[in-house]
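Engineer: I would like to see how this sequence folds:
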Amino acid sequence: MMEMDSNPITKPSKKGAILSAVFYALAVVLLITAFVSLAACHQNITRQLEQGVPVQGNELAIVNLYLTSCVQYLSLIHISAPTRPY
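Structural biologist: From the prediction side, this is the model:
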């Protein structure tokens, strides 16, 4: 019976381990950026509402601001997070 350690597909290389660590670090940075962007967006919308901008009729615009502010970073996290050894 063949051992799994001798199989080059299941044994990640040193280069692959370093690349995975870099991608995980990038994913963490992007996650932090997404939360900062979400907080800034919330603060901006709160200020606009305090100035008297009505919510009724602007629901989609408000949701769109939230989505565009953080979803772009979350999608980049999905792309950068490694799912398998290289």
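Engineer: Not counting its neighbours along the chain, what's nearest the spatially most central residue of the chain?
Structural biologist: Computing the C-alpha centroid of the chain and ranking residues by CA atoms, centre = their mean puts residue 74 first, at 2.6 Å. Counting by CB to CB, 6 or more residues apart in numbering, residue 74 lies nearest to residue 34, which is 5.4 Å off, once chain neighbours are set aside. Bear in mind the C-beta positions are built from the backbone N, C-alpha and C, glycine included.
Engineer: Mind checking what secondary structure the one you found has?
Structural biologist: Following DSSP: H, G, I helix; E, B strand; the rest coil, we place residue 34 in the helix state.
Engineer: Quick one: the helices in this structure, in order.
Structural biologist: 14-50, 59-80 (DSSP state H).
Engineer: now those as JSON lines including mean pLDDT?
Structural biologist: JSON lines is the format used below for the helices of the chain (pLDDT from 0 to 100):
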{"stretch": "helix 14-50", "mean pLDDT": "84"}
{"stretch": "helix 59-80", "mean pLDDT": "76"}
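Engineer: ok so, going back, which residues does the residue nearest to the centre of the chain contact?
Structural biologist: By CB atoms under 8 Å, 6 or more residues apart in numbering, residue 74 lies in contact with 30-31, 34.
Engineer: Check residue 44 too.
Structural biologist: residue 65.
Engineer: ok, how many other residues are close to residue 38?
Structural biologist: Using other CB atoms under 10 Å, residue 38 has 16 other residues around it.
Engineer: Please list all residues in contact with the nearest residue to it once chain neighbours are set aside.
Structural biologist: With sequence-adjacent residues excluded and distances taken as CB to CB, 6+ apart, residue 38 is closest to residue 70, at 4.3 Å. Residue 70 makes contact with 34-35, 37-38, 41 under the criterion CB under 8 Å, 6+ apart.
Engineer: Many thanks, we can stop here.
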